[in-house]
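**Student:** quick one, structure for this:
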Amino acid sequence: MESRYVWEDVLKTVKQLDPKKLEIVKATLPIVKEHGEAITTRFYKRMFEKHPELKNIFNMTHQKTGHQPRALANAVYGAAANIEDMSTIMPVLERIGQKHRSLQIKPEHYPIVGENLLAAIKETLGDAATDEIIDAWADAYEVISDVFIQMEDKLYKTTEAQPGGWAGFKEFIVDRKVQESDVITSFYLKPKDGASLPRFIPGQYITVKIDIPQEEYIQLRQYSLSDKPGRDYFRISVKREDPVGEGYPPGVVSNDLHKFFNEGDMIPFFMAPNH
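**Tutor:** A predicted model of the protein is given here:
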């Protein structure tokens, strides 16, 4: 319940969209929804061309499969459609905020996203996206991004302040590696600094950061904690991901963990907040 009240506190402070611009956004929602995946696909292509360093954050396999563009299209439409009262989609907003925080999304990333998203709308819709429409969507994006910036700031601070909490990525040592089946391996992880661990709840996860020599960019992946809280270790149980289809590579991180990480190796990871 605590996170819900945090959301409500954030939403009370969010500025409202100008009524005229609100009407423009509402009137153009159908066309944005219709072309949503084309817009977000163009957005990611454009953003990665201008800011290739962001490939260190995003799961590039999800880009190839189209999963990420579809997810962003749905998120943009959902937030804009409920911009008058975003409390109605609080669970959805919270999941997105949790995901952003698990990837270490920071306030400075939002202007980059906004610039490229608006440009993608203009490039995809062409003359239909007039200056007036783009201006209205720019203000709508500012309102929506403000929600996430405030929420994620609270999540960062809350997680860091909890007993055993920490900021950023922290190094853990693989204490044990146990093969559970042909495709699942469990890793028992202890903090390198010997510090105590925060408690967690079912479904809570960590973000591991893996630097694979043959890959150009750092890989971030989320794995649920798979043992009881209150132990002196965290456990993740990783399924080795095979190719999702012809022409697609196998899971980069899951296969690397299975093949190359052994007892005594270090894995940096970031703790997702309680949700």
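**Student:** contacts, neighbours, all on C-alpha from now
**Tutor:** Fine.
**Student:** sketch out the low-pLDDT regions of the stretch 1-150 of the chain for me.
**Tutor:** 1-14, 60-66 (pLDDT under 70).
**Student:** other residues contacting stretch 228-247?
**Tutor:** Stretch 228-247 is contacted by residues 183-191, 196-201, 223-227, 249-251, 254-255, 258 when judged by Cα atoms under 8 Å, 6 or more residues apart in numbering.
**Student:** distance from the chain centre to that stretch, please.
**Tutor:** 18 Å (Cα atoms, centre = their mean, to the nearest Å).
**Student:** am I right that residue 221 is in a helix?
**Tutor:** No: per DSSP: H, G, I helix; E, B strand; the rest coil, residue 221 lies outside any helix segment and is strand.
**Student:** any idea which element residue 189 lies in?
**Tutor:** Assigned by DSSP states H and E, residue 189 falls within strand 184-191.
**Student:** now that strand - C-alpha only, CSV.
**Tutor:** Once non-C-alpha atoms are left out, strand 184-191 reads as follows in CSV (Å, rounded to 0.1, in the frame of the first residue of the first chain):
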residue,chain,number,x,y,z
ILE,A,184,17.6,-23.6,-15.2
THR,A,185,20.5,-22.7,-13.0
SER,A,186,20.4,-21.0,-9.6
PHE,A,187,23.0,-18.5,-8.4
TYR,A,188,23.5,-17.9,-4.7
LEU,A,189,24.8,-14.4,-4.4
LYS,A,190,26.5,-12.7,-1.4
PRO,A,191,27.5,-9.0,-1.1
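**Student:** after it, which helix or strand is next? Please name it.
**Tutor:** Beyond strand 184-191 toward the C-terminal end (DSSP H and E), the next one is strand 205-210.
**Student:** alpha carbons only: can I get that following strand in CSV?
**Tutor:** Extracted C-alpha coordinates of strand 205-210, given in CSV (Å, rounded to 0.1, in the frame of the first residue of the first chain):
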residue,chain,number,x,y,z
TYR,A,205,13.6,-8.7,-8.6
ILE,A,206,17.2,-7.5,-9.2
THR,A,207,18.8,-6.0,-12.3
VAL,A,208,22.1,-7.7,-13.2
LYS,A,209,24.7,-5.8,-15.2
ILE,A,210,26.8,-8.1,-17.4
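**Student:** that strand: partners in the sheet, and parallel or antiparallel?
**Tutor:** strand 219-224 (antiparallel), strand 266-271 (antiparallel) (DSSP bridges).
**Student:** can you list contacts of the last one?
**Tutor:** Spelled out, it's strand 266-271. Here strand 266-271 has contacts from 102, 159, 167-174, 205-210, using Cα under 8 Å, 6+ apart.
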